[in-house]
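*Asks:* here is the input, now give the coordinates:
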Amino acid sequence: MPQGVIAMPTMINPEIFREYDIRGIASRDLIPEVAGRLGLAIGTYLQAAGEGRAIVGMDNRASSPDIKENVIAGILETGCNVVDIGLVVTPAFYYSIILYDIGGGAMITASHNPPEFNGMKVACGHSTIYGDEIQTLRRLAESGDFKRGHGNLSSDDPRDSYINMIIEKVKLGPRRLKVVVDCGNGTASLFAPKLIEGLGCDVIPLYCDSDPTFPNHFPDPVRPANLTDLIQAVREKEADLGVSFDGDGDRIGVVDEKGNIIWGDRLMILFWREILPKYPGTTAIVEVKCSQALVEEVERLGGKPMFYRTGHSLIKAKMKEIGAVFTGEMSGHMFFADEYFGFDDALYAAARLLRILSNTDKSLSDLLSDVPYYPSTPETRVKCPDNVKFRVVESVRDHFKARYPVVDVDGARVLFPDGWGLVRASNTGPELVMRCEAKNEAALERIKGEMAGEVERHPGVGDIEW
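*Replies:* Here you go, the predicted model:
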């Protein structure tokens, strides 16, 4: 274990402090001295919040063990005790906070990013910090004003408790399902096949060997290219569905029995159909990138749609504030608080989906056959400097507000008579995020043209490739 972290003079790249987490190139931005200093900041931050213990876990990236070791060393040097839970998916880290009754810690992970990246999600209380609190942590790390002490290190393994907890909570119906499970060689490889078999399904594993080089595809189910092999396997094996997980197990991708991708907003429709009848009139948080079909279904079921910002930490905080029972994101984060703990957990979301499907004779495609399909673009990322992107969004918002209703809780979702167009500033990089949807293809082309024309007139904006 490294010693004397507190004495190390260290320059920290301020750009690693993102909206929801800390993330950078491991060999450049998270060298041992930086990781140790971040540990010092985390230990000091947690103690200032009244917590004298921290949980530390890691994903399966090659750089994670060294980063974890130095983060732990820093936390211990502040006098904060540490429980090392080893190699886990991020939801198992969240669950460990509840299991061991410890109010914070750090999960070493870069989620779905390429192998050279790493970072951490920092928890305080029962949720991850974000926004201003991440910047507070940055200032603390830069200042060197750390607590001093000698914390105690112990270790524990929550993996079986986590898997068994989900199996106890989610009981499947009489239909036995055949499921292709694609973990993209990420950390979920160590959890998902065992869980889904434990639920009573026949599992066909695909890339379920833990390998931090990600030799087959990045574990990122948002990108259609990463689902190509899953689609092929579902069709060839005549499976009931395929499920895919990101690198740290908090985002899910789903493919139906025909090989069609079920994006997050359509997946939420299935979950809301199960949940909303039990909570009539409840508020349903809808992320701004989601389809109008989700909004319409929530209204049909008697719920109250409320548009809100993108970002797992932001959504968890909003759910807690208003007492929401469920929501999700296009990216595959799913948050259940009706029968679960409210944090994003792709393995639990898979279990809930399997429960729905195991209690019906209908196929997954049949269950969604009555949901209208509106032509749409994928989530499109457009290069735009950090010092420009927010001004672009404000200008687009003001331009369209003169003619159309605009939802501006996160960027600008322009409500055209026959569809909508969104532009928002990315919280994680120098980019704009755009998406459009319409009642028909002709309207989609027109809306794409109007949105692109207004965005591209600003200097510094890259090409828009829908």
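
*Asks:* check the gap between the residue nearest to Y130 when sequence neighbours are not counted and V461 for me.
*Replies:* Distances taken as C-beta to C-beta, 6 or more residues apart in numbering put S313 closest to Y130, at 3.5 Å, once the chain neighbours are dropped. No exception for glycine: its C-beta is placed from N, CA and C like everyone else's. According to C-beta to C-beta, to the nearest Å, S313 and V461 sit 27 Å apart.

*Asks:* looking at these two, which is more packed in?
*Replies:* S313 (22 against 18; other C-beta atoms under 10 Å).

*Asks:* ramachandran angles for G119?
*Replies:* phi 170, psi -150 (degrees, to the nearest 10).

*Asks:* and the residue lying closest to it once chain neighbours are set aside, how far from F341?
*Replies:* Computed as C-beta to C-beta, 6+ apart, the closest residue to G119 that is not its neighbour in sequence is R23, at 3.3 Å. Distance, R23 to F341, by C-beta to C-beta: 24 Å.

*Asks:* which of these two has more neighbours?
*Replies:* Using other C-beta under 10 Å as the criterion, R23 and F341 rank with R23 on top: 23 against 16.

*Asks:* so that one makes contact with N118?
*Replies:* Yes: under the criterion of C-beta atoms under 8 Å, R23 makes contact with N118 at 7.4 Å.

*Asks:* so what sits against both of these two?
*Replies:* Residues touching both R23 and N118 by C-beta atoms under 8 Å, 6 or more residues apart in numbering: A110.

*Asks:* looking at the helix or strand that contains A92 now, give me its mean pLDDT.
*Replies:* Counting by DSSP states H and E, the element that carries A92 is helix 90-99. Average pLDDT, helix 90-99: 98.

*Asks:* give the other helices and strands that that helix contacts.
*Replies:* When contacts are defined as 3 or more C-beta pairs under 8 Å, 6 or more residues apart in numbering; DSSP states H and E, helix 90-99 packs onto strand 53-58, strand 81-87, strand 104-108, strand 117-124, helix 159-169, helix 346-358.

*Asks:* format those as TSV; extra columns: mean pLDDT.
*Replies:* Formatted as TSV, these follow (pLDDT from 0 to 100):
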stretch	mean pLDDT
strand 53-58	98
strand 81-87	98
strand 104-108	97
strand 117-124	96
helix 159-169	98
helix 346-358	98
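
*Asks:* what about those, which gets the closest to D265?
*Replies:* For D265, the closest of the helices and strands packed on helix 90-99 is helix 346-358, at 13.7 Å, according to C-beta to C-beta.

*Asks:* okay, the angle between the closest one and helix 159-169?
*Replies:* 30 degrees (axes from the mean of the first three to the mean of the last three C-alpha atoms, to 10 degrees).

*Asks:* what are the ranges of the helices in the stretch 201-350 of the chain?
*Replies:* Assigned by DSSP state H, counting those that start in this stretch, the helices in the stretch 201-350 of the chain fall at 228-237, 264-275, 292-300, 312-322, 346-358.

*Asks:* quickly note the distance from L353 to S363.
*Replies:* For L353, the distance to S363 - C-beta to C-beta - is 13 Å.

*Asks:* distance-wise, check the residue nearest the centre of the chain relative to T327.
*Replies:* Closest residue to the average C-alpha location of the chain: H333 at 4.5 Å, with C-alpha atoms, centre = their mean. Computed as C-beta to C-beta, the H333 to T327 distance reads 9 Å.

*Asks:* need the residues touching each of those two.
*Replies:* Common neighbours of H333 and T327 (C-beta under 8 Å, 6+ apart) are I315.

*Asks:* can you list the low-confidence ranges for this protein?
*Replies:* In the prediction, the chain carries residues with pLDDT under 70 at positions 1-10.

*Asks:* between L353 and S363, who's got more neighbours?
*Replies:* Remark: of L353 and S363, L353 carries more neighbours, 24 against 15, as counted by other C-beta under 10 Å.

*Asks:* wait, the more buried one touches L270, no?
*Replies:* Yes: the criterion here is C-beta under 8 Å, and L353 meets it with L270 at 6.9 Å.

*Asks:* so for stretch 389-409, what gets flagged as buried?
*Replies:* Within stretch 389-409, the residues scored as buried using 16 or more other C-beta atoms under 10 Å are 389, 392-393, 395-397, 399-400, 406-408.

*Asks:* again with stretch 410-423
*Replies:* 410-414, 416, 419-423.

*Asks:* could you do stretch 179-196 as well?
*Replies:* Buried-residue list, stretch 179-196, by 16+ other C-beta under 10 Å: 179-196.

*Asks:* what about it, start to end distance?
*Replies:* 8 Å (C-alpha to C-alpha, to the nearest Å).

*Asks:* quick revisit: out of the helices of the stretch 201-350 of the chain, which one sits most buried?
*Replies:* Mean neighbours per residue, mean count of other C-beta atoms under 10 Å, is largest over the helices of the stretch 201-350 of the chain for helix 346-358, with a mean of 23.
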